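Trainee: coords please:
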Amino acid sequence: MKTPTTDLEWIRAGTLPLPRPDETRIIVMCNQKGGVGKTTTTINLAGSLAFYGKRVLIVDGDPSGNASDAYKVDMLDEDEGDTQTKCILEGKDPHHLVAKPFENIHVLPASPDMQFLAPRLREQGDALHAYRHMLDFFRGEYDYVLEDTRPAVDTDTNSMTAAADAAVTMVDVDRWAMKAVGTQLAQHEKIMKQLRRDDFLELGLVVSTAKMSGGDFDKAVLKNLHNHPMLPVLSEVPYRGADLKEARAMGQPVQMYRPKSDTAGFFRNVAVKAGLVEAA
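Mentor: Presented below is the predicted three-dimensional model:
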């Protein structure tokens, strides 16, 4: 077998070198297009990483607070104290805001004032470094930080990408799928060029087949995604399955709610194929 030499070859081989125990890796979960299963992937990838013994922090970067709500974590309220937004803008340590629904999965909740974060970051300046400054408070405390971004390309989502070491991109099977992925990759390249970084990893795609009709057009789109020149497909997930709905209703990742289900296996595949853990 040929020895992998590029990041993509390492990822496809499932052998991307793992982080050292004292090293925290930040992964941005992204697609500027909504409805592709981004939050669902985030909360369930966290469950899979916890299954493998990793300590995970989810950073809910969407003012809708869906990642927080998925674990039955209350959103923060700026009228009652600090929020993630205040910590970012004022350089505060956010530890006191972290909820701990599970031993190995913690959540930094969202808040409604995050809808104004992008313009406030532009006003304040140095926006690309804002999230990294905040997340530096967690370095060495978690194995992985998963950033759940809102569906947009804006100052706040760019800042979350700039804070990350790697990205997982969610995509659904429709006519704009390849275009959406291309736009996301171009934005990442632009950000890293601004930061003069060459260490950012594109780990791959998680494909939602929930809307796939099974027709020839959808099959062609899915084939194109599997043949993407830069990104491997980490898993295909039928997001409309009952397992996910029931697990979310219980405030758990499917890995905890129904660990032997095929759906739990899909997300374990993401963790393994992205090189984040070694297969059990």
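Trainee: burial measure for Thr169, as a count.
Mentor: A total of 26 residues lie near Thr169 under the criterion other Cβ atoms under 10 Å. The way it works is simple: take the backbone N, C-alpha and C, and place the C-beta from them, glycine included.
Trainee: His133 too?
Mentor: The tally of other residues near His133 (other Cβ under 10 Å) stands at 14.
Trainee: next one: Ile58
Mentor: The burial count assigned to Ile58 is 30, neighbours taken as other Cβ under 10 Å.
Trainee: same question, Arg268
Mentor: Arg268 - counted by other Cβ under 10 Å - has 23 other residues nearby.
Trainee: Looking at it now. What's its pLDDT?
Mentor: At Arg268, the predicted lDDT confidence score is 93.
Trainee: Could you do Pro229 as well?
Mentor: Model confidence at Pro229, given as pLDDT, is 89.
Trainee: now do Gly14
Mentor: Value listed for Gly14 in the pLDDT field: 43.
Trainee: and if you look at Asp154?
Mentor: pLDDT recorded at Asp154 is 92.
Trainee: Ok, Leu76 next?
Mentor: Reading off the per-residue confidence, Leu76 sits at a pLDDT of 93.
Trainee: right, and it touches Asp82 too?
Mentor: Yes - with contacts counted by Cβ atoms under 8 Å, Leu76 reaches Asp82, the gap being 7.4 Å.
Trainee: Strands of this protein, start to end?
Mentor: 25-30, 56-61, 105-108, 144-149, 166-172, 201-208, 233-237 (DSSP state E).
Trainee: what residue ranges in the stretch 51-200 of the chain score low on pLDDT?
Mentor: Counting by pLDDT under 70, the stretch 51-200 of the chain contains no low-confidence range.
Trainee: Give me the distance between Gly65 and Asp218.
Mentor: As for Gly65, its distance to Asp218 is 32 Å (criterion: Cβ to Cβ, to the nearest Å).
Trainee: my bad, Met256
Mentor: Applying Cβ to Cβ, one obtains 32 Å for the distance of Met256 from Asp218.
Trainee: try Gln187
Mentor: Here the criterion is Cβ to Cβ. By it, Gln187 lies 26 Å from Asp218.
Trainee: Then Phe102?
Mentor: Phe102 sits 36 Å away from Asp218 when distances are taken as Cβ to Cβ.
Trainee: Now list whatever residues contact both of Leu76 and Asp82.
Mentor: By Cβ atoms under 8 Å, 6 or more residues apart in numbering, Leu76 and Asp82 have these common neighbours: Leu97.
Trainee: more crowded one of the two?
Mentor: For Leu76 versus Asp82, the count of surrounding residues by other Cβ under 10 Å is larger for Leu76: 27 against 17.
Trainee: which ones are touching that one?
Mentor: By Cβ under 8 Å, 6+ apart, Leu76 lies in contact with 82-84, 97, 109-111.
Trainee: can you check Ala118 too?
Mentor: With contacts defined as Cβ under 8 Å, 6+ apart, the neighbours of Ala118 are 152, 154-156.
Trainee: Now which of those residues would you call buried?
Mentor: Buried positions within these, assessed by neighbour count (16 or more other Cβ atoms under 10 Å), are 154-156.
Trainee: Pick out the residue closest to the middle of this structure.
Mentor: The structure's the chain has its C-alpha centroid closest to Met29; by Cα atoms, centre = their mean the separation is 2.3 Å.
Trainee: does it really touch Arg150, like I thought?
Mentor: No - using Cβ under 8 Å, Met29 makes no contact with Arg150, being 10.9 Å away.
Trainee: List the buried residues in the helix ranked longest in the chain.
Mentor: Taking residue count as the measure and DSSP state H as the definition, the longest helix of the chain comes out as helix 177-195. Neighbour-count burial for helix 177-195, counted by 16+ other Cβ under 10 Å, picks out 177, 180-181, 184-185, 187-188, 191.
Trainee: Could I get the residues you listed in JSON lines, plus columns for distance to Leu89?
Mentor: Conversion of those to JSON lines gives the following (distance: Cβ to Cβ, whole Å):
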{"residue": "Ala177", "distance to Leu89": "35"}
{"residue": "Ala180", "distance to Leu89": "30"}
{"residue": "Val181", "distance to Leu89": "31"}
{"residue": "Gln184", "distance to Leu89": "26"}
{"residue": "Leu185", "distance to Leu89": "29"}
{"residue": "Gln187", "distance to Leu89": "23"}
{"residue": "His188", "distance to Leu89": "24"}
{"residue": "Ile191", "distance to Leu89": "20"}
